[in-house]
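I'd like to go over a predicted model; first the sequence, then the structure.
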Amino acid sequence: MMLRTLFALFIAAGLSLPVTRLAAQENLTPVIEPYAGSEERVRERVTEAYGRTARVIGLEDGKVLDERFEGRVLLMRFRNPADRSTFEIMTNYRQALEARGFTVEWQCESRPLCGNSSDGGWVKRNGMNLGLGREIGYFTGQMPYEGGTVFVSVGVERSNHYVQVLQSDAMETGQVRVLDAEAMASSLDAQGKITVENIYFDFGKAELLPESDEAIAEIARLLSDRVAIGLYVVGHTDSVGGFEANLSLARERAAAVVSALENRHGVATGRAVPAGVGPLAPVASNATEAGRALNRRVEIVLR
């Protein structure tokens, strides 16, 4: 599946944004020149060919309303030029998008009306940190593109602004092979441990997602086939967030795997022991999203 730049779709649609000049390199990496005097915080850019996030779509009775999304994800953060107001930046984006068929679905101005610090805040939902100041603005909506829909959200505060672009797309499948019990046993014999790639959790949570079922079933079969062995189930995290919080999350995720082994597959108590090391044993740099993704993992270790 060809990785199509999310912002390149605006070029294809003939969109000209007053606040940004958009271009695409041959490798389709997004290139964005922000409004004169703005600067992108490139290290904070999130680009995913198929990812999970949320789009904030309202505030009701103090509760933030969000819409879960799976598909192509792009999130960018820019430093605002010192002499431009939040109103000006937001209005420029909105007018340019509306000229190309964009429909605003919800917008707000000021922290009380947007609720960006209410109900747990926005950061864990959509990655936007609009701070605690009152001078903020936000809008979200959709526009047609190639027979589908693109969702665009813009959040602005006094010093920075965010642009989130979400493009519905089918996920490329067949790219991951679930290690069966025999392959796990072989790796354990050779290395004493193995990373179980396809055990999944929502961001910042310890509840197993249904996509993890097949991998957990193979761990259970491994323990059934090798009655004499025991395992440590070890949770790992990236370095985002507090150290103690990451240690706790890693332990809770490992415990969730062990609980599933015992409660769903009848593995005897004590055969699998949960442990969590948080960010203490990275396999890649935490400076990039790709590295952080590798560091968020579950390993089984031969006891």
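That came in fine, so what should we check first?

pull out the buried positions in stretch 107-117.
Of the residues in stretch 107-117, those buried by neighbour count under the rule 16 or more other C-beta atoms under 10 Å are 107, 108, 109, 111, 114, 115, 116, 117. Where you see a C-beta, it was placed from the backbone N, CA and C, and this is true even at glycine.

isn't the last one right up against residue 134?
The one in question is residue 117. No. Contact status for residue 117 versus residue 134: not in contact, 10.7 Å apart, counting by C-beta atoms under 8 Å.

anything in contact with each of the two?
Counting by C-beta atoms under 8 Å, 6 or more residues apart in numbering, the common neighbours of residue 117 and residue 134 are residue 111.

let's see which of the buried residues of stretch 107-117 end up in strands.
In this view, those that belong to strands under DSSP state E are 107, 108, 109.

columns distance to residue 125 and pLDDT on top of these, output as a markdown table?
Supplementary listing: these in a markdown table, determined by distance: C-beta to C-beta, whole Å; pLDDT from 0 to 100:
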| residue | distance to residue 125 | pLDDT |
| --- | --- | --- |
| 107 | 17 | 96 |
| 108 | 15 | 95 |
| 109 | 19 | 92 |
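
which residues in the chain form strands?
Under DSSP E, the chain gives strands at 20-24, 30-34, 39-40, 46-60, 63-79, 103-109, 137-145, 148-156, 160-167, 193-196, 231-236, 272-278, 297-302.

buried ones in stretch 240-257, by neighbour count?
246, 247, 248, 249, 250, 251, 252, 253, 254, 255, 256, 257.

adding pLDDT and distance to residue 159, write those residues out as TSV.
Converted to TSV, the buried residues of stretch 240-257 look like this (pLDDT from 0 to 100; distance: C-beta to C-beta, whole Å):
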residue	pLDDT	distance to residue 159
246	94	28
247	95	32
248	95	32
249	95	30
250	96	34
251	96	37
252	96	35
253	96	35
254	96	39
255	96	41
256	96	39
257	96	42
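
ok, the residue nearest to residue 201 when sequence neighbours are not counted to residue 260 distance?
The shortest distance from residue 201 to any residue that is not its chain neighbour, by C-beta to C-beta, 6 or more residues apart in numbering, is 5.8 Å, and that residue is residue 253. Applying C-beta to C-beta, to the nearest Å, the value for residue 253 to residue 260 is 11 Å.

ok, now residue 167?
Here the distance between residue 167 and residue 260 works out to 34 Å (C-beta to C-beta).

my guess is residue 107 contacts residue 140. True?
Yes. Counting by C-beta under 8 Å, residue 107 does reach residue 140; the two are 7.4 Å apart.

could you dump the strands of the chain to JSON lines with distance to residue 285?
As requested, the strands of the chain are exported to JSON lines (distance: least, C-beta to C-beta, whole Å):
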{"stretch": "strand 20-24", "distance to residue 285": "27"}
{"stretch": "strand 30-34", "distance to residue 285": "21"}
{"stretch": "strand 39-40", "distance to residue 285": "21"}
{"stretch": "strand 46-60", "distance to residue 285": "16"}
{"stretch": "strand 63-79", "distance to residue 285": "20"}
{"stretch": "strand 103-109", "distance to residue 285": "37"}
{"stretch": "strand 137-145", "distance to residue 285": "32"}
{"stretch": "strand 148-156", "distance to residue 285": "28"}
{"stretch": "strand 160-167", "distance to residue 285": "24"}
{"stretch": "strand 193-196", "distance to residue 285": "17"}
{"stretch": "strand 231-236", "distance to residue 285": "14"}
{"stretch": "strand 272-278", "distance to residue 285": "16"}
{"stretch": "strand 297-302", "distance to residue 285": "15"}
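
looking at those, which is nearest to residue 202?
Nearest to residue 202 among the strands of the chain is strand 46-60 (7.7 Å), distances taken as C-beta to C-beta.
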